[in-house]
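Undergrad: task: produce atomic coordinates for the following.
(one chain, ligands or ions: 1)
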Amino acid sequence: MAKIGSGNSTWAFKLGDGNNYSLKKMTTFIDSIIVERSYVGDKTLRNNLVPLKIGIFVWRVLKERIAVKLELVKRGVNLASLLCPICNKEVESTSHALITCEYAKDVWSRIHNWWSLNFIPSINIESLLKDPNCNTLPRSLQKTWQAISWTTAYFIWKNRNQKFFNNDSWSTAKLTCDIQVKSFEWIMNRSSKINKDWLQWLLNSINLGAPNVNNLDPG
Ligand SMILES: [Zn+2]
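TA: Here you go, the predicted model:
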């Protein structure tokens, strides 16, 4: 346990198991505070239809700060292989893991099909997450679609970690279904005015949205 000061001004370190001080946990804790403050200060990247952790994840992605193998090696970590743990064919960069890997491409295609949109695999990650389909969707739907895009990237990364750490992976069909369920839950819970019809959401969210999403809080 790390203690500073005395009497009423004592600090106790409580992040480690059994109050044991852990430099790694302290560093992670401080890093999480810095990241959260930086993210909240970045007004270009807000979407109140998803939880804060999803916005922070996207912020990390755009700052090249998720732990893909290429970024780890750049920071001095020794790895036996740079290959993507999902396809084992290409170097794992941020854009490979989240867009150009066959697995990621299939998930994005399914999510785009759901919204009757074309997925272009050569799109860069900033366009995909910052202004997704801003030229093809009405303004009233762009924030909802962005929330779905962010959820999709988060779930693709979740599957990558499941494979990397547990040697397990979900099918792209299952992951797509999970994204539809979770984005519905998150968006509906954060909007008081949108039509909360699951079947409509699942079958045709474009038509579902137009009159209702218009009423969403723009903040
Ligand atoms: Zn891959």
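
Undergrad: drop to CA atoms for contacts and neighbour counts, all remaining ones
TA: Fine.

Undergrad: now the residue most central in space within the chain: which helix or strand?
TA: Using C-alpha atoms, centre = their mean, the residue of the chain that lies closest to the mean C-alpha position is Tyr154, 2.9 Å off. For Tyr154, the element it lies in under DSSP states H and E is helix 139-166.

Undergrad: now do the buried residues in that helix.
TA: Neighbour counts over helix 139-166 (16 or more other C-alpha atoms under 10 Å) mark 140-157, 159-161 as buried.

Undergrad: what lies in contact with stretch 114-132?
TA: With C-alpha atoms under 8 Å, 6 or more residues apart in numbering as the test, stretch 114-132 has contacts from 45, 58, 62, 95, 99-100, 105, 108-109, 112, 142, 145-146, 149-150, 202-206.

Undergrad: just the buried ones from these, in ChimeraX syntax?
TA: Entered in ChimeraX, the line below selects the buried ones among the contacts of stretch 114-132, by 16+ other C-alpha under 10 Å:
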select :58,62,95,99,100,105,108,109,112,142,145,146,149,150,202,205,206
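
Undergrad: correct me, but the residue nearest to the centre of the chain touches Phe57?
TA: Yes: between Tyr154 and Phe57 there is a contact at 7.1 Å, judged by C-alpha atoms under 8 Å.

Undergrad: domains in this structure, by residue range?
TA: Segmentation of the chain into domains, based on automatic domain parsing, reads 1-41, 46-213.

Undergrad: okay, the ones you listed, which one's buried deepest?
TA: domain 46-213 (a mean of 17; mean count of other C-alpha atoms under 10 Å).

Undergrad: and that one, how far out from the chain middle?
TA: Put simply, domain 46-213 sits 6 Å off its chain's centre (C-alpha atoms, centre = their mean, to the nearest Å).

Undergrad: what ranges does the protein have for its strands?
TA: In the chain, the strands defined using DSSP state E lie at 3-4, 11-12.

Undergrad: that'll do, ta.
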